[in-house]
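In: From the sequence below, what's the structure:
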Amino acid sequence: MLRRWTKTASAPASKAELAERAAQRGGKPSALLLFFAVLAGASSILSFQPYGWWPLQLLPLAWFFYQVGMGSSVKRATLIGWAFGFGWTLAGVHWLYVFGTRFAHLPAALAVAGLVLLCLYMGLFGALTAGVASWLRKRWSLPVAAFLLLVLPTLWGVSEWLRGWVFTGFPWASSGYAHDLAPLAGFAPLIGVYGIGILAGVGAGCIAMLTQRARWPAIGLLMTLMLAGEGLRTVEWTQETGQPISVRLLQGNIPQDRKFDMEFLTSIVTRYQTMITAAPADLIATPETALPVFPHNLPEGYLDGLQRYATATGSTLAIGMPLFDGPEKYGNSVIAMSPAPSPYRYDKAHLVPFGEFIPPGFRWFTDMMNIPLNDATRGAALQAPFAVKDQWVLPNICYEDVFGEEIAYQLRNAQHPATLLLNVSNLSWYGQSVAIPQHLQISRMRTLETGRPMLRSTNDGATAVIDHRGNITQVLPFYTDGVLSATVRGATGMTPFIRLGNAAFLMLGGVMLLGAWFAGRRYRLKSNS
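Out: Residues are numbered from 1 along each chain as shown. Modelled structure (predicted):
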């Protein structure tokens with residue numbers, strides 16, 4: 001089939017096409033084209049929650065692939081990729097402006113400048129995709145089909161993986177997340193979110209191929225990809241295990257501008273004490289830093305009283321709070337109080353740059369923002385879950401559930417692999433923005449990759465229960481205070497993604513690039529014969 005595409009898609013172009021391509025070779029893209037590239041990248045926001053129009057993601061990607069594939073020079077392709085990646089990121093994380101102005105107390109101009117600089121940096125990964133693809137096309141003499149369906153999708157996925165770990169990573173709005181409810185979600189337990197990004201790129205390549213003569217084979221490949229994903233969604237990779245447990249997930253809706261106000265501290269700790277002790281449950285969980293001060297700053301006997309409640313009612317309490325380890329040493333942590341007292345502590349391992357750790361040379365910037373608890377101690381990469389009856393619960397704190405490989409690493413290496421995941425978050429920093437539904441979408445992808453239910457306890461949303469198949473079974477309204485009560489059952493078993501992590505996605509990319517190289521070699525031999 002690839003040979004057929006190569007033959008038809010590589011047929012001689014019209015005189016107009018040849019003239020256009022000749023004009024583009026070695027030239028710079030016009031300002032108007034770069035503007036359209038930014039708009040195309042920004043339009044991807046509509047594919048993510050709260051909009052969820054996932055097919056729309058394939059259209060701007062197809063436009064991007066087509067522009068890179070129009071006989072572009074490496075320089076031209078790189079600039080188009082940079083503009084596209086800039087627009088994609090700017091639309092996906094524009095809510096950081098709310099944090100910068102409202103809570104970090106930056107002047108609006110500086111907040112805008114910081115956001116633009118971040119997005120220009122993130123755009124470099126789009127530039128990498130386009131530039132390397134264009135270079136490989138010339139180096140390997142690639143036919144159109146191999147370029148659009150193998151090389152560009154693979155490099156797109158690899159660039160998203162790179163931005164997920166370079167300089168600690170920022171993989172928010174990776175393309176695979178848009179497909180949590182789409183047919184491609186069936187591939188999540190196999191190749192994870194970055195692998196879905198590659199497959200989304202293949203889908204975009206099929207659409208770009210509609211401009212060539214091999215239209216029907218491209219349509220056939222796209223339909224096959226979607227049908228395969230739908231079929232995989234019916235596969236049960238994990239199985240429910242143990243007895244169901246009752247849970248109460250708390251959503252305090254504490255105003256962010258009052259959370260670290262010591263005059264408001266009594267109100268905060270009293271509210272959470274009341275919410276925790278209102279009714280027993282097997283597991284009661286609070287949001288991230290629900291108690292915003294170190295234990296020694298709490299009212300005398302506060303934690304002892306909660307431990308007595310846990311013992312008396314048979315409840316396990318998971319409480320988010322900072323823990324003091326010595327001068328300038330503290331963790332963003334979750335403690336668990338069980339009916340039979342046995343100390344448990346989880347420390348956030350993947351910290352947020354500027355918000356939770358200070359990159360070298362940037363202390364002046366974080367001092368300007370005046371963010372509380374902005375230089376925490378990093379937790380261990382492997383930490384044990386805690387037991388709730390016959391279930392094992394593994395916490396992750398806020399931003400950590402963006403890193404699926406790290407959760408998979410803990411599941412495959414734990415002495416007692418978790419049967420339930422617990423995310424505690426506070427997204428109040430970002431106001432009433434798309435950050436909350438996007439984060440819920442990210443958590444759903446983690447359940448699809450691991451086959452584990454996810455419990456979410458947040459300050460103002462999204463507090464929710466997601467089952468092991470990625471279905472949101474219950475969710476509290478955003479920006480309200482309340483308690484979500486539910487009965488959940490954990491799951492056991494190892495998905496391929498848990499066993500292999502991102503190695504599975506990298507193997508897929510390697511096979512696709514190898515296939516492209518062979519297609520180019522065959523094309524060169526045929527051309528020279």
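In: so where's the stretch 351-500 of the chain shaky on pLDDT?
Out: 364-365, 367-370 (pLDDT under 70).
In: got the residue ranges for the strands in it?
Out: All strands of the stretch 351-500 of the chain, identified by DSSP state E, counting those that start in this stretch, fall at 386-388, 391-397, 420-425, 454-458, 464-466, 472-475, 482-488, 491-492.
In: Now residue 485: closest residue in space that isn't a chain neighbour?
Out: Excluding its sequence neighbours, the residue lying closest to residue 485 (Cβ to Cβ, 6 or more residues apart in numbering) is residue 248, at 5.3 Å. (Each C-beta comes from the backbone N, C-alpha and C, glycine too.)
In: Run a quick neighbour tally on that neighbour.
Out: Residue 248: 22 surrounding residues under other Cβ atoms under 10 Å.
In: And for residue 357?
Out: Using other Cβ under 10 Å, residue 357 is surrounded by 16 other residues.
In: Could I get the contacting residues of the residue lying closest to it once chain neighbours are set aside?
Out: In this structure, residue 357 finds its nearest non-sequential neighbour in residue 351, 4.4 Å apart by Cβ to Cβ, 6+ apart. Each residue near residue 351 by Cβ atoms under 8 Å, 6 or more residues apart in numbering is listed here: 168, 332, 357, 376, 378.
In: quick one: which of the residues you listed has the most company?
Out: Of all the contacts of residue 351, residue 332 has the most neighbours under the rule other Cβ under 10 Å, reaching 27 neighbours.
In: so who does the closest residue to residue 492 other than its chain neighbours touch?
Out: Distance criterion Cβ to Cβ, 6+ apart; nearest residue to residue 492, sequence neighbours excluded, is residue 241 at 4.2 Å. Neighbour list for residue 241: 390, 419, 489, 490, 491, 492 [criterion: Cβ under 8 Å, 6+ apart].
In: And for residue 411?
Out: 394, 417, 418, 450, 452, 494, 498.
In: Turn the strands of the stretch 351-500 of the chain into a markdown table, columns for distance to residue 203.
Out: Formatted as a markdown table, the strands of the stretch 351-500 of the chain follow (distance: least, Cβ to Cβ, whole Å):
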| stretch | distance to residue 203 |
| --- | --- |
| strand 386-388 | 41 |
| strand 391-397 | 30 |
| strand 420-425 | 29 |
| strand 454-458 | 27 |
| strand 464-466 | 25 |
| strand 472-475 | 25 |
| strand 482-488 | 34 |
| strand 491-492 | 30 |
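In: Sort out which one of the contacts of residue 241 lies nearest residue 33 for me.
Out: Nearest to residue 33, judged by Cβ to Cβ, of those is residue 491 at 48.6 Å.
In: ok, what's across the strand from the closest one?
Out: With DSSP bridges as the criterion, residue 491 is bridged to residue 240.
In: That one against residue 466, yeah?
Out: No: the pair residue 491 / residue 466 is not scored as a contact, 11.5 Å apart, by Cβ atoms under 8 Å.
In: between the two, what contacts are shared?
Out: With Cβ under 8 Å, 6+ apart as the test, residue 491 and residue 466 both reach residue 453.
In: Any buried residues in the lengthiest strand in the chain, and which?
Out: Of all the segments of type strand in the chain, defined by DSSP state E, the longest one is strand 316-326. For strand 316-326, burial by neighbour count (16 or more other Cβ atoms under 10 Å) applies to 316, 317, 318, 319, 320, 321, 322, 323.
In: What helices and strands are in contact with it?
Out: On a contact count with 3 or more Cβ pairs under 8 Å, 6 or more residues apart in numbering; DSSP states H and E, strand 316-326 meets strand 283-285, helix 302-313, strand 329-337, strand 386-388, strand 391-397, strand 420-425.
In: Relative to residue 119, which of those is closest?
Out: The closest of the helices and strands packed on strand 316-326 to residue 119 is strand 420-425. By Cβ to Cβ, the value is 23.3 Å.
In: Quick one: mean pLDDT over the longest strand of the chain.
Out: On average, the pLDDT along strand 316-326 is 94.
In: Over to stretch 110-118?
Out: Mean predicted lDDT for stretch 110-118 stands at 94.
In: what's next to it, contact-wise?
Out: Contact partners of stretch 110-118, identified using Cβ under 8 Å, 6+ apart, comprise 89, 90, 93, 94, 96, 97, 100, 101, 104, 106.
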